[in-house]
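J.: Here's a sequence, model it:
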Amino acid sequence: MAQKTKKSFVFNIAWQEVLMGYPSEVRLEVYDAIIEYVASGTISELKPLAKMAFSFIKKEVDKNKLKEPPSGENHWNWKGGITDDNHKQRESSEYKHWRKNVFRRDNYTCRHCGKYGGKLNAHHVKPFSTYPDLRFNVNNGVTLCRECHIQLHKLERGWIKYYEK
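T.: Numbers count the residues shown, from 1 in each chain. A predicted model of the protein is given here:
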């Protein structure tokens, strides 16, 4: 049976505290071994000091590998298997189509700072949550770069007035 590869793992800070007593080349060798072991399940040949240090950490990694992150009803935020309407609509093809049309209309340019391309956000001038009838209306959208979008939410009332002109 093939080894199941995890996309992430927990790095215990206590490992670093233990390894700080070792020379830097040993620490690097152990760090590389941890990454290799978690990613592939294999261990390269290690120098004796690194092998000794890694053997303690390997036990912890193996314990962690057996634990799967909580999901479904075991997850801390489980609400009985319901997905709220707001979330469903933001994941819908209609929402993605609206977003694309807002970007096209604005020529993929931030309407606040004029930056072209990059990480863009389609912002609802009238809030998505309080104006359900305008959720997919292109005229209720404005293209903003990520930075301007963050600033907008910090100064929201003034910005809404600015974009309603």
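
J.: Spit out the contact partners of Leu120.
T.: Leu120 is in contact with Phe103, Tyr108, Cys110, Thr143, Leu144, Cys145, Arg146, counting by C-beta atoms under 8 Å, 6 or more residues apart in numbering. The C-beta positions use only the backbone N, C-alpha and C, and glycine is treated the same way.

J.: give me that answer again for 6 Å
T.: Thr143 (C-beta atoms under 6 Å, 6 or more residues apart in numbering).

J.: Got the confidence number for it?
T.: On pLDDT, Leu120 comes in at 95.

J.: ok, now Asn77?
T.: pLDDT for Asn77: 77.

J.: show me what contacts it?
T.: Residues near Asn77 by C-beta under 6 Å, 6+ apart: none.

J.: Wait, a strand at it?
T.: No: under DSSP: H, G, I helix; E, B strand; the rest coil, Asn77 sits outside any strand and is assigned coil.

J.: Kindly indicate whether Tyr123 is helix, strand or coil.
T.: No, residue 123 isn't Tyr; it's His. Assignment for His123 (three-state DSSP): strand.

J.: Enumerate every residue touching it.
T.: If you count contacts by C-beta under 6 Å, 6+ apart, His123 has them with Val142, Leu144, His149.

J.: Now the helix or strand where the last one lies: buried residues?
T.: In this case it means His149. According to DSSP states H and E, His149 maps onto helix 146-154. Across helix 146-154, burial judged by 16 or more other C-beta atoms under 10 Å covers Cys148, His149, Leu152.

J.: could those residues go into a markdown table alongside distance to Lys63 and pLDDT?
T.: Formatted as a markdown table, these follow (distance: C-beta to C-beta, whole Å; pLDDT from 0 to 100):
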| residue | distance to Lys63 | pLDDT |
| --- | --- | --- |
| Cys148 | 46 | 91 |
| His149 | 42 | 91 |
| Leu152 | 45 | 84 |
